[in-house]
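Here you go, sequence then predicted model.
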Amino acid sequence: MDIRELLVSSSASELDDSSPVSAPDLHLLKERLHVRSLQIKDRVHKYVKSHYQDFSSIISRASHDASRVEDTSDNLNGILQLLNKPSADDGKGLQLPIDVDVDLCQLTTHARALNKRLNEKKEALALVQTISLFVQRLQNAQQNMIVEQGRLVESAQALNLLRFALRVPENLKDGEIGVSWEPKAFTLLKSQWVSCFSKLQDLLEYMFDTAIQVDNAHSKLYINLHITCEKLPVSLGGVELSSVLTAMDIAGILDAAFARLADSIIKSVIIPVTHTSAIHIVSEELVKNKPVLSWALLSDTQSEGVAPGTLYPKLLQVLKLVYQHICFENRSWMNLFGKLTWPRLSEAVITNCLAKAVPTEASEVVEFQKVLKLTRDFECALTDMMFIFASNSKDDKLSNFASNIEVHFAAKKRNQILARARRLLVRSDFTITLENAVELLFQPATCTVSWAAKQLMEIVHEALQDACSSPTRVAVELYHAARDTLLLYRAIVPVKLTKELNTLCQAAVVVHNDCLYLAQEVLGLAFEYNASFPDGLKEHALFVDLAPPFHQLAAELLNQQVQLLLSGLKEALDQANGFQNTHKKQQSEMASLAVDQVVLLMEKVRMLWQPLLQPPIYKKVQHSILQHLFSRIGSEILMLDDMAVEETLQLRKLIKTAFQNMSSLLKSVVDEDIGVQKTVEGFVKEDEISEITWDQLENLIPSLRKLRRITDLLDMPLKSITLAWESGELIASGFTSLEVKKLIRAVFSDSLLRRECLRRIETTEFL
């Protein structure tokens, strides 16, 4: 201790080793030495009293070891006395007492054991001294927080040193304080360190939150550079915010505090500022050591985006306040705050500012260079504050985004095209068709399509026309946008019309036509635009692969409609109960109702399909459906076992009625330019079928010929049926001998004539 520290500052500064001391100074020095000695004695007394058990144990063990040493000394003296006594000569010139070798070995072993114990006691004493030193340091660290005027930095430094000395892990979890091989004293020390560190952490976090407050209700950020709080019972008026941050940095808890602050500033200030330009920001210090950041919404109008020239100064104003009054121009602290803030801040700027500033027309791309310069200046200002690093490419997110303007322009254009196409497909009514049918590129026929399909192709043509006059990178994006626009039709329309497509409806036929139209248009795109594409796109542009999926979708939709129709026809014919017992009133009514339902369903389909489907497709589909329908009716009639005369008449009447009511349908499935070659008296009126050629119908629909012949057979005599078979007429109509014989057995009763006719039918051979 330097006694000059106890003198008055003025005299102490002039005093050296050879200078005399005055009587008043000696008197003052004496009093202060007395006071200091009393303080030292009091502290030593308190320390000894608090560790009384430890010191008592150490002194007791030392006394015991001293007594053992005295015993060892006495034993050695006894040995020396024995060695000095005269004894008998062993014949070799050496005189030793009896059994002295054994006693000497035992004594040596005992001495070694005592020496080992003494070393262990010394090590234990050193351990106790180390533990005592650690305890003293922990107490000093705790005193620095509470008693010695808030010396938070010194307390944090002491705890940080003790962390390494006690080997306390950084990410300490509950139940992991002690290690099995460590002394229990170290476990207790670690526990005490954790308790002390927790108190320091709570105090620092409370002071940080007290000093820096974000008031969302009043749109203000308050910073108190000189902290006074109830949790700091110190004699001084407060603690500097910089000291609190330094202590938090040393303790390793500054990043968590900055993370909370960064989250609050981003949510309360940064995000609103990037959303609208109507927010005004003011940084002021109305009261000393209490700077305030205020922000206010000047108007309720919501703008589409914020101009970079308006946004960047506001952001710099906020970050400069943080740099000067929170980080105190400490570059490492500002860099830590930047790492926690920059990812979300840059994303907000890109999303709400730069992305919306991307031009929508190619002529505006050059003007975007001004935005690029502003962005680079903004990042340079952030680099000067160490908010970001210029050497880190990840920190140049804004300038990198602005530099790739062509890519973003193309992406924005592509998104606009796809959004326009998506809105068109989602909002369109596919029952609304164009007034005039469109001409297909590779087919002579015309096709009635929806207004949406026509508009969709216009969007595709506009995109490809822009691609022809754009740079390669932009042209590639527009090319993909055109392809994706076509793919959107297949992705959206079937899902949107799921309910309608499961019924017989006009929308299904219109979508079928749209697919055929789009498939034809796709095949022509390469011929129309490939020569005008930029060189980098010509080799990769491909459209022909889009046509087969549209053809497949069209076939699936039409097949689904056909299956729905066949299912409805089957359900209607099932009600006829196989046309059995039609001579009875109830069965006749059921059969008549079934035939009426079939006719109504077929007429409904004709009215839906004929105006929309291409004539070749319409006729082909109707031929297959009518073939199935007439085949089912004819098969069920031929399956009847026993028919009365009245029953045959009723069946003929049902078939006549069906042909009459289906005259419009039958007209629609034959070529209109072929005149009538044959009309059947009694089946349909001549004026109603004047344009129908039965021969042509029978050639197109074989089951129709067979059904008409069944109607004739029901009214023919037995011999005429036999002659018709022998002449081959029935074979030509699709009958088999088994079917003819079954029909004869069902209509005619057993007789010699029937047997003869059946024999003739069975034995007839055809070349």
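The structure has been received and is ready for your questions.

domain parsing for this structure?
For the chain, the structural domains run 1-12+28-50, 253-403, 408-552, 575-701, 716-767, going by automatic domain parsing.

Kindly reformat those domains as JSON lines containing distance to residue 563 and mean pLDDT.
In short, each C-beta sits where N, CA and C put it, glycine included. Formatted as JSON lines, those follow (distance: least, Cβ to Cβ, whole Å; pLDDT from 0 to 100):
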{"stretch": "domain 1-12+28-50", "distance to residue 563": "96", "mean pLDDT": "68"}
{"stretch": "domain 253-403", "distance to residue 563": "47", "mean pLDDT": "86"}
{"stretch": "domain 408-552", "distance to residue 563": "10", "mean pLDDT": "89"}
{"stretch": "domain 575-701", "distance to residue 563": "11", "mean pLDDT": "80"}
{"stretch": "domain 716-767", "distance to residue 563": "25", "mean pLDDT": "88"}
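
And for residue 500, the neighbour number?
By the criterion of other Cβ atoms under 10 Å, residue 500 has 15 neighbours.

That one is in what secondary structure piece?
helix 498-501 (DSSP states H and E).

List the residues that contact the nearest residue to residue 357 once chain neighbours are set aside.
In space, and not counting its chain neighbours, residue 357 is closest to residue 371: 5.7 Å by Cβ to Cβ, 6 or more residues apart in numbering. Remark: with contacts taken as Cβ atoms under 8 Å, 6 or more residues apart in numbering, residue 371 is in contact with 308, 354, 357, 402.

buried ones in the one helix or strand residue 371 maps to?
Assigned by DSSP H and E, residue 371 belongs to helix 369-384. Within helix 369-384, the residues that qualify as buried are 371, 372, 374, 375, 378, 379, 381, 382, 383, counting by 16 or more other Cβ atoms under 10 Å.

same thing with stretch 608-621?
Within stretch 608-621, the residues that count as buried by 16+ other Cβ under 10 Å are 608, 609, 610, 612, 613, 614, 617, 618, 619, 621.

ok, and what's touching it?
With Cβ under 8 Å, 6+ apart, stretch 608-621 has contacts from 433, 445-448, 504-506, 509-510, 512-513, 516, 558, 562, 622, 668-669.

Now the buried members of those.
Applying 16+ other Cβ under 10 Å to the contacts of stretch 608-621 flags 433, 447-448, 504-506, 509-510, 512-513, 516, 558, 562, 622, 668-669 as buried.

So what does residue 390 look like in phi/psi?
Dihedral pair for residue 390: phi -70, psi -30, per degrees, to the nearest 10.

and what of residue 221?
Dihedral angles (degrees, to the nearest 10) for residue 221: phi -120, psi 110.

nearest spatial neighbour of it, skipping sequence neighbours?
residue 293 (3.9 Å).

For my notes, confirm the one you found occurs in a strand.
Yes - using DSSP: H, G, I helix; E, B strand; the rest coil, the assignment for residue 293 is a strand.

Near it, how many other residues are there?
A count of nearby residues for residue 293, using other Cβ under 10 Å, gives 22.

Ok, residue 220 next?
16.

Go ahead and confirm it touches residue 293.
Yes - with contact defined as Cβ atoms under 8 Å, residue 220 reaches residue 293; the gap is 6.8 Å.

ok, back up a step: list the ones among the buried residues of stretch 608-621 that fall in helices.
Using DSSP state H, the members of the buried residues of stretch 608-621 that fall within helices are 608, 609, 617, 618, 619, 621.

Quick one: residues contacting the nearest residue to residue 704 once chain neighbours are set aside.
In space, and not counting its chain neighbours, residue 704 is closest to residue 630: 5.0 Å by Cβ to Cβ, 6+ apart. Going by Cβ under 8 Å, 6+ apart, residue 630 touches 701, 703, 704, 706, 707.

For residue 630, pull up the helix or strand it's in.
helix 615-638.

Beyond that helix, next helix or strand please.
Counting by DSSP H and E, what follows helix 615-638 is helix 645-661.

For that next one, which outside residues touch it?
579, 581-583, 588, 591-592, 595-596, 598-599, 603, 633, 637, 640, 643, 666, 682-685, 688, 707, 710-711, 714-715, 747.

Show me the contacts of stretch 608-621 that map onto helices.
506, 509, 510, 512, 513, 516, 558, 562, 622, 668.

With distance to residue 71 added, can I get the domains of the chain in a markdown table?
Compiled in a markdown table, the domains of the chain are given as follows (distance: least, Cβ to Cβ, whole Å):
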| stretch | distance to residue 71 |
| --- | --- |
| domain 1-12+28-50 | 30 |
| domain 253-403 | 58 |
| domain 408-552 | 94 |
| domain 575-701 | 123 |
| domain 716-767 | 133 |
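
nearest to residue 60, of those?
domain 1-12+28-50 (15.0 Å; Cβ to Cβ).

ranges for the strands of this structure?
Here the chain has its strands, by DSSP state E, at 212-215, 220-223, 226-227, 239-240, 279-287, 290-297, 438-439, 446-447.

can you redo these as a markdown table with distance to residue 734?
Below are the strands of the chain laid out as a markdown table (distance: least, Cβ to Cβ, whole Å):
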| stretch | distance to residue 734 |
| --- | --- |
| strand 212-215 | 91 |
| strand 220-223 | 94 |
| strand 226-227 | 105 |
| strand 239-240 | 108 |
| strand 279-287 | 86 |
| strand 290-297 | 86 |
| strand 438-439 | 41 |
| strand 446-447 | 36 |
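
for those strands, which one ends up most surrounded?
Among the strands of the chain, the stretch with the highest mean neighbour count (mean count of other Cβ atoms under 10 Å) is strand 239-240, at a mean of 20.

That strand - contacts with which helices or strands?
strand 226-227 (3 or more Cβ pairs under 8 Å, 6 or more residues apart in numbering; DSSP states H and E).

neighbouring strands for the strand it packs on, and are they parallel or not?
strand 239-240 (antiparallel) (DSSP bridges).

That concludes my questions; thank you for your assistance.
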